[in-house]
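**Student:** Below are the sequence and a predicted model; questions follow.
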Amino acid sequence: AGDDSTYSRFSGQVSLWMPLAQFTNQPYFVGFSYQTYRELSASDIVKNANLDAYHLRTFTVSTPSGIFASYSSGRLPFDLTSQQTVELGFKTYF
């Protein structure tokens, strides 16, 4: 953004995961995650370019077998615009 000043950044994340219901003898789970990043004492150039604060929210429904669906909205540092994303997939742990 044309600003070479130094800055400090605050970041935080809150996550929640809990059982939703039980269908066909397999429990489903719902998850929520909120991430925030904020530049402390950002210059006017950074504020005017809307590069001083970022927020991302994600909602997920998953099964123990690894199948999941999620919806995210917001942006992370270095994203220029807010985005909305839907994911369908399979997750496994080794």
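**Tutor:** Perfect, I can see it now.
**Student:** Give the buried residues for the lowest-mean-pLDDT helix or strand in the chain.
**Tutor:** Using mean pLDDT, DSSP states H and E, the weakest-scoring helix or strand in the chain turns out to be helix 44-48, at a mean of 83. For helix 44-48, the neighbour count (16 or more other CB atoms under 10 Å) marks residue 46 as buried. (Glycine included, C-beta is placed from N, CA and C.)
**Student:** For it, output the C-alpha coordinates as PDB.
**Tutor:** Below are the C-alpha coordinates for helix 44-48, written out as PDB (Å, rounded to 0.1, in the frame of the first residue of the first chain):
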ATOM      1  CA  ASP A  44      -3.700   6.100   7.700                       C
ATOM      2  CA  ILE A  45      -2.500   4.700   4.300                       C
ATOM      3  CA  VAL A  46      -3.100   1.100   5.600                       C
ATOM      4  CA  LYS A  47      -6.500   2.000   7.200                       C
ATOM      5  CA  ASN A  48      -7.700   3.800   4.000                       C
END
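**Student:** Not counting the helix or strand just after it itself, show me its contacts.
**Tutor:** In the C-terminal direction, the helix or strand that comes right after helix 44-48 (DSSP states H and E) is strand 53-62. Applying CB atoms under 8 Å, 6 or more residues apart in numbering, the contact partners of strand 53-62 are 20, 28-39, 68-77, 79, 91.
**Student:** Which residues does the very next helix or strand once past strand 53-62 contact?
**Tutor:** Proceeding N to C from strand 53-62, the next assigned helix or strand is strand 67-74, under DSSP H and E. Here strand 67-74 makes contact (CB under 8 Å, 6+ apart) with 31, 35, 54-62, 82-91.
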